[in-house]
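Trainee: fold the stuff below for me.
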Amino acid sequence: MPKEGAAGSNETRKDDVVMGLVYFILMVIWFGVLWWVAKGITWLVDFRYKRLIATIVIVVGYPLPIADEIIGAVQFSRLCKHQMIYKDPEMAKKKGARLIYVHHERKRIDGVALAMTSQLWEFVYESDKSLMLSYVVFRTGQGRLTRYVQINEGSSPLIFSGVCSPKEEENLFLDYKIIN
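Mentor: Numbers count the residues shown, from 1 in each chain. The predicted structure is shown next:
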């Protein structure tokens, strides 16, 4: 039986269902607002174009609350696709070695829809201080809707994961002893 709060537990599933219902209710409310706006606009227009204008208003307006996150998701995925990692050629021979994490400050990325940062992660071999592994971790914050309405816990975006790091990072903590 899973422990309380563990991944896959009943409590976690209930929380997911409740948040899903909250998102669904918000989407229905937003659709109602758009329907009301479309009806108000079409009241002023010739009868032939009422359905067309109402459809355009709803199709264009429906994704607007998360438009910044949609654009941010595209920009973020492009950053992640071009992510590079450096590995020491002798790294495989040094499995089980102690690596020291070298801290670097986060740098803000300008010209993107969401607040994004990059941070260089470097790990050096403890005995000779040679660089063993180096990569950049990208992070992004929430869009306007999730920041101001507070419907998403944490600081990640609503529609995608806000962290991008190389797949090799998972094995790093298994194969080496990391020292801060």
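
Trainee: look up the closest residue to residue 112, ignoring the ones flanking it.
Mentor: In space, and not counting its chain neighbours, residue 112 is closest to residue 75: 5.0 Å by Cβ to Cβ, 6 or more residues apart in numbering. The C-beta positions use only the backbone N, C-alpha and C, and glycine is treated the same way.

Trainee: could you chop the chain up by domain?
Mentor: Per automatic domain parsing, the domain ranges recorded for the chain read 1-62, 66-180.

Trainee: shouldn't residue 146 be within a helix?
Mentor: Yes. With DSSP: H, G, I helix; E, B strand; the rest coil as the criterion, residue 146 is assigned to a helix.

Trainee: quick one: least confident helix or strand in this structure?
Mentor: When the helices and strands of the chain are compared on mean pLDDT, DSSP states H and E, helix 144-149 comes out lowest with a mean of 72.

Trainee: thinking again about what came up before, mean pLDDT lowest for which of the domains of the chain?
Mentor: Mean pLDDT is lowest for domain 1-62 among those, at a mean of 78.

Trainee: how about the helices of this protein, start to end?
Mentor: 10-42, 50-61, 67-81, 144-149, 168-175 (DSSP state H).

Trainee: for residue 117, find the nearest of the ones you listed.
Mentor: helix 67-81 (10.7 Å; Cβ to Cβ).

Trainee: so what secondary structure elements neighbour that closest one?
Mentor: strand 116-125, strand 131-140, helix 144-149, strand 163-164 (3 or more Cβ pairs under 8 Å, 6 or more residues apart in numbering; DSSP states H and E).
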